[in-house]
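>>> Build me a model:
(one chain, ligands or ions: 1)
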Amino acid sequence: MNEKQMIEHIPLPDLTGMQCYNQPFIVAWWSAGITSAIACKMALELYDNVELYYIHIDTAHPDNERFKSDCEKWYGRKIKTLKSRDFKDQFDVIENHGGDAVNTPYGAPCTLHLKKNVRFDFEKLNELTLFNQRTIKGQVWGYEFEAKEINRAIRHLQQYPSTKPLFPLIEKGLTKENCAALLIDAKIELPEMYKLGYSNNNCIGCVKGGMGYWNKIRIDFPKVFERMANLERKKGYSCLKKDHKAFFLDELTPEMGRMNTELIPNCGNICEVEFADIPDKNLESILSGRKSIYEAA
Ligand code: SF4
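Now for the predicted structure:
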């Protein structure tokens, strides 16, 4: 057999359906919130090569596992879980991260250690290098079609373009209410924290909560309230402020705060965006549909 005949006899591997190792992929961040759940569903419909990721924190409501499994069935796709190597939850961060502050004007240390650092590590792992050719070509975020959220998305786009952000809910004009309705239509029960009346699915006992939030936590999760109240005193720092001064949970009386008028920011794995409350000049055009969100960069 000559060389040509030998080559002809070598069976060719079947490459049908095989993913190329260095094919760039899109990360869709599933956060157990209702908007991110729909953003992930849309990402799977709109883009190629999407992988779904969740950053787990131990103080997440246990019902999040049920919600995750329901979403996985709906997507026909697994959601991969990442977790901080160093800390279990916000209590662990406050106890052990080396600084005492519970929350600061520049962001909460727990957001940094439990979410952002996990994302930074994940991005580093997926950087194009000699030894790694698996790269991220975009990241999907669940900002919804609502003025404040669009403004945050614009700021995110301007301040962190390297994350190559994608905002499918804003692209398609979907609000949080629309997202809840889509989940209900798909026969997926909303996460327990929403059913209890919380506006997002942050950790139970979120350091960013206001007085009304903490009064509700005291009723729904008394042990969590007590644990945070004790930790605040031990560290000498508080979650709440009153008249620009520290205000400790053991000083909180039941009539203080109004849960339904308090804004608790979603805890995301993006860094704090600056000027989030100052409307960008593109906001009106995006709200009225004259510009796409991506034209605001
Ligand atoms: S949800 Fe609240 S408590 Fe949990 S990491 Fe974010 S800021 Fe900290």
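
>>> Output the below-cut-off pLDDT ranges for the chain.
Scanning the chain with the threshold set as pLDDT under 70 gives 1-22, 100, 268-275.

>>> of all the residues in it, which ones are close to the ligand?
57, 90, 108, 110-111, 114-115, 202-203, 206-208, 267 (CB under 6 Å from any ligand atom). All C-beta atoms are positioned from the backbone trio N, CA, C, and that covers glycine.

>>> Kindly reformat the residues you listed as JSON lines containing distance to Leu190 and neighbour count.
Conversion of the residues of the chain next to the ligand to JSON lines gives the following (distance: CB to CB, whole Å; neighbours: other CB atoms under 10 Å):
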{"residue": "Ile57", "distance to Leu190": "19", "neighbour count": "23"}
{"residue": "Gln90", "distance to Leu190": "23", "neighbour count": "30"}
{"residue": "Ala108", "distance to Leu190": "25", "neighbour count": "23"}
{"residue": "Cys110", "distance to Leu190": "25", "neighbour count": "26"}
{"residue": "Thr111", "distance to Leu190": "24", "neighbour count": "25"}
{"residue": "Leu114", "distance to Leu190": "23", "neighbour count": "27"}
{"residue": "Lys115", "distance to Leu190": "22", "neighbour count": "21"}
{"residue": "Asn202", "distance to Leu190": "15", "neighbour count": "26"}
{"residue": "Cys203", "distance to Leu190": "18", "neighbour count": "22"}
{"residue": "Cys206", "distance to Leu190": "18", "neighbour count": "26"}
{"residue": "Val207", "distance to Leu190": "24", "neighbour count": "25"}
{"residue": "Lys208", "distance to Leu190": "21", "neighbour count": "21"}
{"residue": "Cys267", "distance to Leu190": "18", "neighbour count": "24"}
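
>>> So which of these sit within strands?
Using DSSP state E to define strands, no part of those is located there.

>>> Which of those residues fall within helices?
Gln90, Cys110, Thr111 (DSSP state H).

>>> Do a quick rundown of the helices in the chain.
3-9, 34-46, 63-75, 90-96, 109-111, 117-125, 147-159, 168-171, 176-185, 192-195, 211-220, 222-235, 283-287.

>>> Present those helices as a markdown table; the columns should include distance to Leu82.
Putting these into a markdown table (distance: least, CB to CB, whole Å) gives the following:
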| stretch | distance to Leu82 |
| --- | --- |
| helix 3-9 | 45 |
| helix 34-46 | 14 |
| helix 63-75 | 13 |
| helix 90-96 | 16 |
| helix 109-111 | 15 |
| helix 117-125 | 5 |
| helix 147-159 | 20 |
| helix 168-171 | 21 |
| helix 176-185 | 23 |
| helix 192-195 | 21 |
| helix 211-220 | 26 |
| helix 222-235 | 24 |
| helix 283-287 | 31 |
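
>>> number of nearby residues for the residue nearest to Thr163 when sequence neighbours are not counted?
Excluding the flanking residues, the one nearest Thr163 by CB to CB, 6 or more residues apart in numbering is Gln139, at 5.0 Å. Close neighbours of Gln139, defined as other CB atoms under 10 Å, add up to 22.

>>> Asn126 versus Gln139, what's the distance?
The span separating Gln139 from Asn126 equals 11 Å under the rule CB to CB, to the nearest Å.

>>> So Glu232 versus Cys239, what's the distance?
Glu232 is 7 Å from Cys239, by CB to CB.

>>> Quickly list what's touching both of those two.
The contact sets of Glu232 and Cys239 overlap at Val102, Leu249 (CB atoms under 8 Å, 6 or more residues apart in numbering).

>>> Comparing these two, which residue is more hemmed in?
Higher neighbour count among Glu232 and Cys239: Cys239, with 27 against 22, using other CB under 10 Å.

>>> can you give me phi and psi for the more buried one?
For Cys239, the backbone dihedrals (degrees, to the nearest 10) come out as phi -70, psi -40.
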